[in-house]
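Trainee: I would like to see how this sequence folds:
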Amino acid sequence: MTPVSTATNTAGQPIKAGAGPVAIAITPNGATAYVVAGGHVIPISTATSTARKPIKVGSNPDAIAITPNGKTAYVVNYGNYPYDQGTVTPIQTATDTAGKAIKVGNEPEVIVITP
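Mentor: You can find the predicted model right below:
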């Protein structure tokens, strides 16, 4: 993943954020970017462009959204059809820890959070 300065439209130094990143969400305060890649979610400090410890979530994660208060990120796990039911994994952003996956049906692909 490569950060881009919106002030200068220039690319910064690439950040190792796992294999094949597929989605990103940024906390409302702008402090952390959560990147979905390689079966994990990688939190990245936007102030230092430093990746933190990857967070293991469900099978084939492919979308992420963060609550308006920034306390929880929800990751959609597509699953391995027909073997796995799709799930949504909550992540507590204060501790970067995953909670218990919520079963939501086969092949979920999108998540939207409203205020």
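
Trainee: when you work out contacts or count neighbours from here on, use the C-alpha atoms and nothing else.
Mentor: Noted.

Trainee: hey, what's Ile66 bridged with?
Mentor: For Ile66, the beta-bridge partners under DSSP bridges are Ala73.

Trainee: same thing with Val88?
Mentor: Val76, Ile102.

Trainee: just use 50 as the starting number from now, easier for me
Mentor: Okay, using 50 as the starting number, the last item reads as Val137.

Trainee: burial count for it?
Mentor: 26 (other CA atoms under 10 Å).

Trainee: what does Thr144 give?
Mentor: Neighbour tally, Thr144, other CA under 10 Å: 8.

Trainee: who's in contact with it?
Mentor: Thr144 makes no contacts at all, as judged by CA atoms under 8 Å, 6 or more residues apart in numbering.

Trainee: again with Thr95
Mentor: 79-82.

Trainee: switch those over to JSON lines; also include distance to Thr51, neighbour count and secondary structure.
Mentor: Shown next, in JSON lines, are these (distance: CA to CA, whole Å; neighbours: other CA atoms under 10 Å; DSSP: H, G, I helix; E, B strand; the rest coil):
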{"residue": "Gly79", "distance to Thr51": "16", "neighbour count": "12", "secondary structure": "coil"}
{"residue": "Ala80", "distance to Thr51": "16", "neighbour count": "14", "secondary structure": "coil"}
{"residue": "Thr81", "distance to Thr51": "14", "neighbour count": "23", "secondary structure": "strand"}
{"residue": "Ala82", "distance to Thr51": "12", "neighbour count": "19", "secondary structure": "strand"}
